[in-house]
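> I would like the atomic coordinates for the input below:
(one chain, ligands or ions: 1)
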Amino acid sequence: MANKQTVLITGATSGIGLQIATKLHDNGYSVFGTSRNPAKYADKVPFPLLALDVTSTESINDCVKLLLTKTPVLDVLINNAGVFLSGSIEETTIEQAYKHFETNFWGAVKITRAFLPVMRGQRSGKIITTGSLVGLIGIPFSSYYSASKHALEGFFKSLRFEVKKFNIQVSVVEPAFFKTNIDAASEHAVESIKDYDDIRKLANDFAEKSIAAAPEPKPVADIVLKIIQDKNPKFSYPVGKNSKLLPVLQLLAPGSYEKGFLKKLKF
Ligand SMILES: NC(=O)c1ccc[n+]([C@@H]2O[C@H](COP(=O)([O-])OP(=O)(O)OC[C@H]3O[C@@H](n4cnc5c(N)ncnc54)[C@H](OP(=O)(O)O)[C@@H]3O)[C@@H](O)[C@H]2O)c1
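Below you'll find the predicted structure:
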């Protein structure tokens, strides 16, 4: 019966979310995906899509209500919707940073809060969130993105303890670079300060090259399936190139970690 579990995954129309949703659907799970524009993707995906913009509380409430008319239980919630914001701290406006957190942090928080009473009532559930390797380490010219992913780590780490007694399990997957539409969909700092031109270019070149050389996000979907099937999943699941190594190196050998990082970026 495990395969008949119901899953809701946000941002299921592209990249990592599409891989995960398709894999779970192919493995017999009852998958509901979400999109800001479900009509655009309805014929392209093999699972139903609900309308959801995670930056809108009204849209979240409508999505939750609609899902609960379709299924009385939610076994697995996957917070995956997210965007990338590039630019130095000085060049990014605070308004941009707030907006970014609305999607990457508050979106996941609000959806999770909306489904906690359902899962608590069931005395079961899994909440899996797509964090990032950048939620474990910092990278320049992506500070707000990195901060939003660090915030998710802290939030879900704490939630894991709070809901354990209700048999709700909380995990975060932390992908390194994977080839998706994240770069094309990314937002950029609206201001430009000449002093940063040289290192901004180096950082952008590094990110572009890394994404171009990155693999398809199949390993992320494999990990999520593993978490769902595991009776006692861990909290943290780094996945992809150097995702396990870098956080450990940062902790155990901070000097050489930073030197190596700056050398890699050619700063
Ligand atoms: N690719 C990587 O290298 C990488 C690495 C680490 C972590 N991640 C994380 O993986 C997650 C998925 O990113 P991706 O790389 O697969 O990018 P992607 O291909 O651009 O997919 C992003 C998904 O998020 C949805 N989305 C964006 N803004 C939304 C909003 N306001 N409300 C609801 N849905 C929204 C999009 O759906 P619609 O446009 O249909 O609404 C889309 O399905 C993100 O959380 C990202 O931070 C990616």
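
> Enumerate the residues of the stretch 1-150 of the chain near the ligand.
For the stretch 1-150 of the chain, the residues in contact with the ligand (Cβ under 6 Å from any ligand atom) are 10-17, 35-37, 52-55, 80-83, 103, 130, 132. C-beta here means a position set from N, CA and C on the backbone, and glycine is covered the same way.

> Test my guess that Ile78 contacts Ile9.
Yes: with contact defined as Cβ atoms under 8 Å, Ile78 counts as touching Ile9 (4.0 Å).

> Common neighbours of the two, please.
By Cβ atoms under 8 Å, 6 or more residues apart in numbering, Ile78 and Ile9 have these common neighbours: 17, 20.

> The two: which is more packed in?
Higher neighbour count among Ile78 and Ile9: Ile78, with 31 against 27, using other Cβ atoms under 10 Å.

> okay, now Lys259: neighbour count?
A total of 11 residues lie near Lys259 under the criterion other Cβ under 10 Å.

> separation between it and the ligand?
Applying Cβ to the nearest ligand atom, to the nearest Å, the value for Lys259 to the ligand is 24 Å.

> Likewise for Pro219?
The value you get for Pro219 to the ligand, if Cβ to the nearest ligand atom is used, is 11 Å.

> do the same with Val190
Distance from Val190 to the ligand, by Cβ to the nearest ligand atom: 18 Å.

> contacting residues for the closest residue to that residue other than its chain neighbours?
In space, and not counting its chain neighbours, Val190 is closest to Thr93: 5.9 Å by Cβ to Cβ, 6 or more residues apart in numbering. Going by Cβ under 8 Å, 6+ apart, Thr93 touches 189-191.

> Of those, which is the nearest to Ala207?
The closest of those to Ala207 turns out to be Ala189 (Cβ to Cβ; 13.7 Å).

> That closest one - nearest residue in space that isn't next to it in sequence?
Leaving aside its sequence neighbours, Ala189 sits nearest to Gly87 (Cβ to Cβ, 6+ apart; 2.3 Å).

> Alright, that wraps it up for me.
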